[in-house]
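J.: curious how this folds, go ahead:
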Amino acid sequence: MSSPAIRIEPVPRTRGYPTAWWGMVVLITTEAMVFIALLASYFFVRAGASKWPPPGIPLPELHRSVVFTVVLLGSSIPIFWMEYALVRGHMRQVAVSLAIAFLMGLAFLGNTVYDYLNQEFGLRENAYASLFWVILGLHAIHVLVGLLMSATVQVKVWTGRVTPEHHVTPEVFALYWHFVDGVWVFVFATLFLSPHLR
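T.: Here you go, the predicted model:
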């Protein structure tokens, strides 16, 4: 007499994050450590200075920097809008929100380039100047990379390669862009705001 067959129910799979998402998390963590080290160096050098910024260097321009800080931080709003629209299949809304965030990021980068071209001190003038340019330049490079990523995602959206079911690329881009915006809060507070607070 044969024993009754035992039916084994399949274990339901839980949806985890894709490999690309985890790769971006690792990259962001690494880049965050670099910024932390640079900002810590800035405050270390500042702690040993009798005057900050050093003599001969004016205080960093604040009003225009505040305006473009609002622009950059505000660019995360259309990215959140994009994420909301993506899972609901509103692809036109996805495309529009990506374009808006791109233009805001481009405006911010243009302001950074303007700062580079019009500063009154060079990279090698002193430790303050070196740290200022390296930190500001590193963040500008991250913004540029983010804009290139955004352009890639926009092309994929317009060509139908991004759908509500297949949207890893915009998810990874959104994670990176929020990181770029978040880092700027600390860069702005350190380089532009803190010298005015005596």
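J.: in stretch 133-144, which residues are buried?
T.: Neighbour counts over stretch 133-144 (16 or more other Cβ atoms under 10 Å) mark 133, 135-136, 139-140, 142-143 as buried. For the C-beta atoms, the positions are set from N, CA and C on the backbone; glycine is no exception.
J.: ditto for stretch 102-114
T.: By 16+ other Cβ under 10 Å, the buried positions in stretch 102-114 come out as 102, 104-106, 108-109, 111-112.
J.: next one: stretch 185-193
T.: Buried, per 16+ other Cβ under 10 Å, within stretch 185-193: 187-188, 190-192.
J.: and the strands in the chain, which stretches?
T.: With DSSP state E, there are no strands along the chain.
J.: report the contact partners of the closest residue to residue 143 other than its chain neighbours.
T.: Spatial nearest neighbour of residue 143, chain neighbours left out: residue 109 (5.0 Å); criterion: Cβ to Cβ, 6 or more residues apart in numbering. Shown in contact with residue 109 (Cβ atoms under 8 Å, 6 or more residues apart in numbering): 140, 143-144, 147.
J.: quick one: pLDDT of residue 109?
T.: Model confidence at residue 109, given as pLDDT, is 98.
J.: what do you get for the one 3 residues further on?
T.: Per-residue confidence for residue 112 comes out at a pLDDT of 95.
J.: shouldn't it be in contact with residue 138?
T.: No. Between residue 112 and residue 138 there is no contact under Cβ atoms under 8 Å: 11.0 Å.
J.: mutual contacts of those two, please.
T.: Counting by Cβ under 8 Å, 6+ apart, residue 112 and residue 138 have no contacts in common.
J.: go through the contacts of residue 109 and say which is closest to residue 64.
T.: residue 140 (15.4 Å; Cβ to Cβ).
J.: from residue 195, how far out is the residue nearest to residue 143?
T.: Distance from residue 109 to residue 195, counting by Cβ to Cβ, to the nearest Å: 23 Å.
J.: got a list of what residue 88 touches?
T.: Contact partners of residue 88, counting by Cβ under 8 Å, 6+ apart, are residue 164.
J.: may I have the phi/psi pair for it?
T.: phi -100, psi 0 (degrees, to the nearest 10).
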